[in-house]
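# dropping a prediction and its sequence here:
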Amino acid sequence: MPVIRIDHIDDPRLDDYKNVPDAELLLNDAALKSLEAELSPRLGDLSVYLCTTPQLADIVGFNFHRGCLALASVPPTPRWRTSCATPLASWFWKA
């Protein structure tokens, strides 16, 4: 797993973390140390960016004291008509 130290908050690799719109990790040193055992099995397929706590706050736009921020794509919420069309839903909604 490459751990990439971030020296400046204007680093373009951090663009996805700014103002958090949308699976990567942005950590401070304490979070990396705390999560190292849990992360080690996944480090082959995760990008981990490392920065200071003040840099983290500047990147996300508020005082983010936990020290760990993850980004992932969230699937769209299914529409209620689609959900009701499933076989389980039809069992509950018999005509």
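Now that the structure is in, tell me what you want to look at.
# longest helix in this protein, please.
The longest helix of the chain (DSSP state H) is helix 29-39.
# identify all contacting residues around the helix or strand following it.
Downstream of helix 29-39, the first helix or strand assigned by DSSP states H and E is strand 47-50. For strand 47-50, contacts defined as CB atoms under 8 Å, 6 or more residues apart in numbering pick out 1-6, 13-14, 17, 24-29, 32, 39. To be clear about C-beta, it is placed using only N, CA and C from the backbone, and glycine gets the same treatment.
# show the average pLDDT along strand 47-50.
The average pLDDT for strand 47-50 rounds to 86.
# sheet partners, orientation included, of it?
strand 3-5 (parallel), strand 24-27 (parallel) (DSSP bridges).
# buried residues, it. List them.
Val48, Tyr49, Leu50 (16 or more other CB atoms under 10 Å).
# go on, stretch 10-17?
Leu14, Tyr17.
# make 543 the first number, not 1, from now on.
Got it, the first residue is 543 from now on, which makes the last one we talked about stretch 552-559.
# what's the mean pLDDT across that stretch?
Average pLDDT, stretch 552-559: 84.
# need the CA coordinates for that stretch. PDB is fine.
The C-alpha trace of stretch 552-559 is given here as PDB (Å, rounded to 0.1, in the frame of the first residue of the first chain):
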ATOM      1  CA  ASP A 552      -3.900  22.500  -3.100                       C
ATOM      2  CA  ASP A 553      -2.500  19.100  -4.200                       C
ATOM      3  CA  PRO A 554      -4.800  18.100  -7.100                       C
ATOM      4  CA  ARG A 555      -5.000  14.500  -5.800                       C
ATOM      5  CA  LEU A 556      -7.200  15.900  -3.000                       C
ATOM      6  CA  ASP A 557      -9.900  17.400  -5.300                       C
ATOM      7  CA  ASP A 558     -12.400  14.600  -4.600                       C
ATOM      8  CA  TYR A 559     -12.100  15.300  -0.800                       C
END
